[in-house]
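Colleague: this is a predicted model, with the sequence first.
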Amino acid sequence: MKYNLVEMYVDDEIINAAVEVIKSKRYIKGPQARAFEEEFANYIGVKKAVSTSSGTTALWLIYDALGIKNGAEFIAPSHTFIATVTPAMHMGAKPIFADIDEETYTIDVDDAKRKITPKTKAIVAVHLYGHPADIKPLKELAEDKGLYLIEDCAQAHGALYYGKKVGTFGDAAAFSFFPSKVITVGGDGGMAVTNNEEIGELISILHDQGRREKYTHEYLGYNFRMSEILAAIGRVQLQHLEEWLNRRNEVARLYNELLEDVVLVPKTKEWARHAYYVYTIRARERDKLREHLKERGIATGLYYPIPVHLQPAITKLVPPVKLPVTEKIVDEILSLPMHPFLSEEDVQFIADKVKEFYR
Ligand SMILES: Cc1ncc(COP(=O)(O)O)c(C=O)c1O
């Protein structure tokens with residue numbers, strides 16, 4: 001493909017950072033992971049960050065530490081990546097799926113409210129595509145009902161809600177550094193963050209075999225640690241994040257200008273800074289448009305064509321539920337190439353090919 005959907009940035013600094021760790025022969029539990037945790041916590045504005053082996057395992061640790069397991073219910077959107085819910089399900093928790101807001105594609109607060117039962121323990125807000133969920137009413141609802149609020153920030157590094165970073169609002173939040181993400185560690189990686197020192201401490205203990213010190217295991221823990229090589233790469237990527245977010249927003253503005261007359265372009269709420277992990281339009285004859293673009297060397301993505309509540313793995317375990325907005329939009333969504341290295345000419349070319357299809 002001439003135009004990839006995403007692009008990972010690699011330069012000499014990143015290569016050297018990885019090489020230095022290889023030469024050091026210190027591959028786990030070393031200075032890189034600790035420094036990445038501190039720098040990421042500073043960037044987001046939280047007290048504690050724990051580096052993990054993926055975004056999925058960051059969520060796993062959060063669900064475990066908050067007790068979202070053993071029959072507890074938690075409310076989550078279905079229009080998300082399946083890993084938003086699977087870690088808690090492995091521990092015996094039950095997802096209750098809520099519909100989404102049609103403009104932001106994030107959880108519908110009223111539907112979440114309707115779905116609370118005496119067994120509900122948490123609400124999960126997913127900042128999908130990089131657009132923040134409407135956190136204020138969710139936080140009020142969670143506080144009013146005595147529930148935890150968990151943020152899935154896998155797609156939203158540096159996204160802002162009323163000027164404050166996502167990941168600072170909930171009881172805990174998870175980030176992913178999978179290679180396609182806004183910043184990556186060049187492999188699988190994640191970060192669990194929280195402002196609650198007790199929860200942070202427990203997450204940290206759990207991610208390293210349930211121990212505080214080498215020979216005593218206080219909890220049934222995991223090996224969910226991040227490797228030193230990946231942490232070193234993540235630290236360099238983090239330095240570029242603000243610059244890349246600005247560029248992503250410029251690319252999105254240009255797409256919007258060029259495409260708003262032919263397709264439904266993504267909206268950004270006045271209270272948000274979008275992280276634009278993906279740029280998702282809604283399009284008539286989506287699959288034919290996708291084919292048209294592919295033939296012209298333009299990669300596109302579907303985030304996500306089958307909602308979680310309709311996935312075979314889930315329908316076996318969770319009773320059916322109707323989610324009208326989620327079920328409607330999945331046939332219309334299409335993500336166009338989005339990364340900070342797209343030039344104006346690239347965006348122009350891609351937009352022209354979209355318009356050509358509808359002419
Ligand atoms: C919304 C969401 N949640 C969770 C995850 C899981 O992250 P990872 O792939 O790093 O395990 C991802 C990323 O793939 C995601 O997009």
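Modeller: Sure, I can see it. Numbering: from 1, shown residues only.
Colleague: need the residues of the stretch 101-250 of the chain near the ligand, please.
Modeller: Remark: the part of the stretch 101-250 of the chain in contact with the ligand comprises V126, D152, A154, Q155, S176, F178, D188, G190, using Cβ under 6 Å from any ligand atom. In this view, the C-beta of every residue, glycine as well, is placed from N, C-alpha and C.
Colleague: now R290: phi and psi?
Modeller: The phi/psi pair for R290 (degrees, to the nearest 10) reads phi -60, psi -40.
Colleague: these two touch, right, it and L334?
Modeller: Yes: if you go by Cβ atoms under 8 Å, R290 and L334 touch, sitting 6.2 Å apart.
Colleague: so for the two, which sits in the more crowded spot?
Modeller: More neighbours surround L334 than the other of R290 and L334, with 22 against 18 (other Cβ atoms under 10 Å).
Colleague: spit out the contact partners of that one.
Modeller: With contact taken as Cβ atoms under 8 Å, 6 or more residues apart in numbering, L334 is in contact with T280, I281, R282, A283, R286, L289, R290, T300, G301, L302.
Colleague: how many neighbours does K322 have?
Modeller: K322 is surrounded by 9 other residues when neighbours are defined as other Cβ under 10 Å.
Colleague: quick check: it vs V308, distance?
Modeller: Here the criterion is Cβ to Cβ, to the nearest Å. By it, K322 lies 14 Å from V308.
Colleague: can you tell me the SS state at the nearest residue to Y358 once chain neighbours are set aside?
Modeller: Closest residue in space to Y358, ignoring its immediate chain neighbours: V262 at 5.0 Å, by Cβ to Cβ, 6 or more residues apart in numbering. Using DSSP: H, G, I helix; E, B strand; the rest coil, the three-state assignment for V262 comes out as coil.
Colleague: how near is V262 to E250?
Modeller: Plainly put, V262 is 20 Å away from E250 if you go by Cβ to Cβ.
Colleague: which of those two has more residues huddled nearby?
Modeller: Neighbours per residue (other Cβ under 10 Å) separate V262 from E250, with V262 holding more: 18 against 15.
Colleague: enumerate every residue touching that one.
Modeller: When contacts are counted by Cβ under 8 Å, 6+ apart, V262 touches V354, K355, Y358.
Colleague: does K115 touch F74 like I think?
Modeller: No: under the criterion of Cβ under 8 Å, K115 is not in contact with F74, lying 10.2 Å apart.
Colleague: need the overlap of contacts for those two.
Modeller: Counting by Cβ under 8 Å, 6+ apart, the residues touching both K115 and F74 are I96.
Colleague: hmm, back to that, now the contacts of V262 as a markdown table including pLDDT?
Modeller: What follows is these, written out as a markdown table (pLDDT from 0 to 100):
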| residue | pLDDT |
| --- | --- |
| V354 | 98 |
| K355 | 97 |
| Y358 | 96 |
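Colleague: nearest to A65, of those residues?
Modeller: The nearest member of the contacts of V262 to A65, counting by Cβ to Cβ, is V354 at 44.5 Å.
Colleague: the bottom helix or strand of the chain by mean pLDDT?
Modeller: Using mean pLDDT, DSSP states H and E, the weakest-scoring helix or strand in the chain turns out to be strand 211-213, at a mean of 95.
Colleague: which strand runs longest in this protein?
Modeller: Here the longest strand in the chain is taken by residue count, with DSSP state E as the criterion, and it is strand 120-126.
Colleague: and the contacts of that strand?
Modeller: Contacts of strand 120-126 from elsewhere in the structure, counted by Cβ under 8 Å, 6+ apart, are 63, 66-68, 72-77, 80, 84-85, 93, 96, 106-107, 112, 133, 135, 138, 141-142, 145, 147-152, 154-155, 170.
Colleague: now that strand: mean pLDDT?
Modeller: The predicted model assigns strand 120-126 a mean pLDDT of 98.
Colleague: again, but for stretch 35-46
Modeller: 98.
Colleague: report the buried residues of it.
Modeller: By 16 or more other Cβ atoms under 10 Å, the buried positions in stretch 35-46 come out as F36, E37, E39, F40, A41, Y43, I44, V46.
Colleague: narrow the residues you listed to those in helices?
Modeller: F36, E37, E39, F40, A41, Y43, I44 (DSSP state H).
Colleague: ok, now which ones touch the first one?
Modeller: Just to be clear, that refers to F36. For F36, the residues meeting the contact criterion (Cβ under 8 Å, 6+ apart) are S51, M191, M226, A231, A232, G234, R235, L238.
Colleague: now, which of those residues sits nearest the ligand?
Modeller: M191 (9.9 Å; Cβ to the nearest ligand atom).
Colleague: I'd guessed that closest one sits against A174; true?
Modeller: Yes: in this structure, M191 is within contact of A174 by Cβ under 8 Å, at 7.3 Å.
Colleague: shared neighbours, these two?
Modeller: Taking Cβ under 8 Å, 6+ apart as the contact criterion, the common neighbours of M191 and A174 are A58.
Colleague: which one's more surrounded, the two?
Modeller: Using other Cβ under 10 Å, the more surrounded residue of M191 and A174 is A174, with 32 against 28.
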